[in-house]
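J.: give me a model of this one.
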Amino acid sequence: MEEKVSEEIVLYHGNGGDGTKELINEILKNLDNDILRKLGDSAILNLKDKLAFTTDSYVISPQFFNGGDIGKLSVYGTVNDLAVCGARPLFLSLSFIIEEGFLFSDFKKILQSIKEASDECDIKIVTGDTKVVEKGKGDKIFINTSGIGIIENENRDLSKRKVEKGDLVIINGGIGEHGISVMLERLGIKVDEKIKSDLAPLDKLILPILDKFKGIKFLRDPTRGGVATVLNEIANKFSYEIEILEEELPIKNWVKEASNILGIDPLYAANEGKVIIIASKNEGEDILKFIKQNRLGVDSKIIGELKNDGNRVYLKTEIGTRRIVDTLKRDILPRIC
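T.: Numbers count the residues shown, from 1 in each chain. So this is what the prediction gives:
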């Protein structure tokens with residue numbers, strides 16, 4: 001007799017019995033590997049190198065969007081957090097908090113997306129968990145991850161690098177594409193196919209740069225709060241004034257137009273495939289040329305410079321005036337990642 005497959009995930013799937021087994025079997029069907037299939041309370045890992053360890057949660061709405069979905073986002077987002085620390089991603093944990101009534105078919109799509117993304121990044125899913133909450137107590141599905149990576153050589157270890165006056169600010173392409181495109185979808189605004197999230201894994205862009213250049217001082221992916229928030233964090237962390245040039249900001253026309261409609265400054269919109277690089281002035285141009293050879297860096301730009309002592313970020317406009325780029329004071333794009 002053929003086993004009946006549920007159409008929706010219900011509280012029964014969180015009871016620890018046959019319902020939970022159905023969820024776990026679906027996870028294993030998509031994500032099976034030699035460590036995960038042991039289904040232990042912990043994954044046992046053999047590691048000798050210096051480690052990077054990160055954790056994150058994903059609550060994006062809508063869960064499926066042009067350019068990706070919550071599954072792919074959870075993998076790429078964790079991989080990128082490891083990569084900006086100079087770590088090669090190795091292991092990932094995944095925990096799902098699922099609202100009663102979430103379609104099993106959508107859960108399968110998310111698992112398939114996770115499988116594709118983890119294979120692309122060569123990261124192994126080794127442990128996880130599932131919980132089901134009552135209808136109205138969640139919003140379809142939330143995902144929590146933890147990631148482990150290894151820092152394989154001294155060039156990739158940024159912990160001892162010193163940021164200095166004159167260092168350059170580089171970004172590997174268009175600003176604000178994830179936040180603006182997801183917001184348009186959330187509002188039900190039909191858009192062209194080219195308008196999509198920039199969601200992408202950055203490890204294969206970042207690690208070769210670190211191997212080749214010693215002038216990389218600091219890396220950060222500008223997700224929630226966007227480029228403006230990350231630059232303010234850098235200014236405060238290292239006590240330098242940062243000046244960025246409006247004419248050098250790589251912002252696509254559709255992002256500018258949509259931002260005007262939504263009343264959002266793209267500098268504060270989330271990115272999911274971008275990295276801010278602080279690099280020495282004498283290597284900046286060479287780093288830029290190298291990044292441009294990668295498909296994720298074709299539109300890279302040097303957008304600014306660390307100036308005098310201070311903790312402010314300024315935008316030099318195209319007409320030569322300067323304005324303060326402050327930290328974000330309100331939640332303009334909730335649940336964007």
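J.: now the strands for this protein?
T.: For the chain, the strands defined by DSSP state E cover 50-58, 64-65, 68-69, 88-99, 124-133, 141-151, 168-171, 216-220, 240-245, 276-279, 301-309, 313-316, 322-324.
J.: can I get those in TSV with distance to residue 17 and mean neighbour count?
T.: No exception for glycine: its C-beta is placed from N, CA and C like everyone else's. Below are the strands of the chain laid out as TSV (distance: least, C-beta to C-beta, whole Å; neighbours: other C-beta atoms under 10 Å):
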stretch	distance to residue 17	mean neighbour count
strand 50-58	27	16
strand 64-65	30	18
strand 68-69	29	22
strand 88-99	16	21
strand 124-133	12	19
strand 141-151	21	22
strand 168-171	50	24
strand 216-220	44	21
strand 240-245	56	20
strand 276-279	48	25
strand 301-309	55	18
strand 313-316	54	21
strand 322-324	58	10
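J.: between these, which one is closest to residue 183.
T.: Smallest distance to residue 183 across these (C-beta to C-beta): 10.0 Å, for strand 64-65.
J.: quickly run through the sheet partners of that closest one, with directions.
T.: Partner strands and pairing direction for strand 64-65 (DSSP bridges) are strand 68-69 (antiparallel).
J.: residues in contact with the strand it pairs with: which ones?
T.: 63, 76, 109, 110, 113, 197, 199, 272 (C-beta atoms under 8 Å, 6 or more residues apart in numbering).
J.: so among those, which ones count as buried?
T.: Buried by 16 or more other C-beta atoms under 10 Å: 63, 76, 110, 113, 197, 199, 272, out of those.
J.: and the closest residue to the third one other than its chain neighbours, how many neighbours?
T.: The reference is to residue 110. Nearest non-adjacent residue to residue 110, counting by C-beta to C-beta, 6 or more residues apart in numbering: residue 71, 3.8 Å away. Residue 71 sits with 27 neighbouring residues when counted by other C-beta atoms under 10 Å.
J.: can I assume residue 71 is in contact with residue 108?
T.: No - Residue 71 lies out of contact with residue 108 (C-beta atoms under 8 Å); the separation is 10.2 Å.
J.: can you list the residues that contact the helix ranked longest in the chain?
T.: Looking across the chain with DSSP state H, the single longest helix is helix 104-121. Contact with helix 104-121 is made by 5-9, 23, 26-27, 29-31, 63-64, 68-72, 74-76, 79, 89, 92, 94, 98, 124-125, 140-141, 201, 203, as judged by C-beta under 8 Å, 6+ apart.
J.: ends of stretch 277-284, how far apart?
T.: Start and end residues of stretch 277-284 are separated by 10 Å (C-alpha to C-alpha, to the nearest Å).
J.: what are the contacting residues of it?
T.: 163-164, 166-172, 209, 213-219, 234, 287, 302, 305-306.
J.: poorly predicted segments of this structure, please.
T.: Applying pLDDT under 70 to the chain flags residues 1-4.
J.: re earlier: now, the most widely separated pair of the contacts of strand 68-69?
T.: 109 and 272 (18.7 Å).
J.: how many neighbouring residues does residue 34 have?
T.: 8.
J.: ok, it - contacts?
T.: No contacts exist for residue 34 under C-beta under 8 Å, 6+ apart.
J.: where do the helices of the stretch 151-300 of the chain begin and end?
T.: For the stretch 151-300 of the chain, the helices defined by DSSP state H, counting those that start in this stretch occupy 177-186, 203-212, 226-238, 253-262, 281-291.
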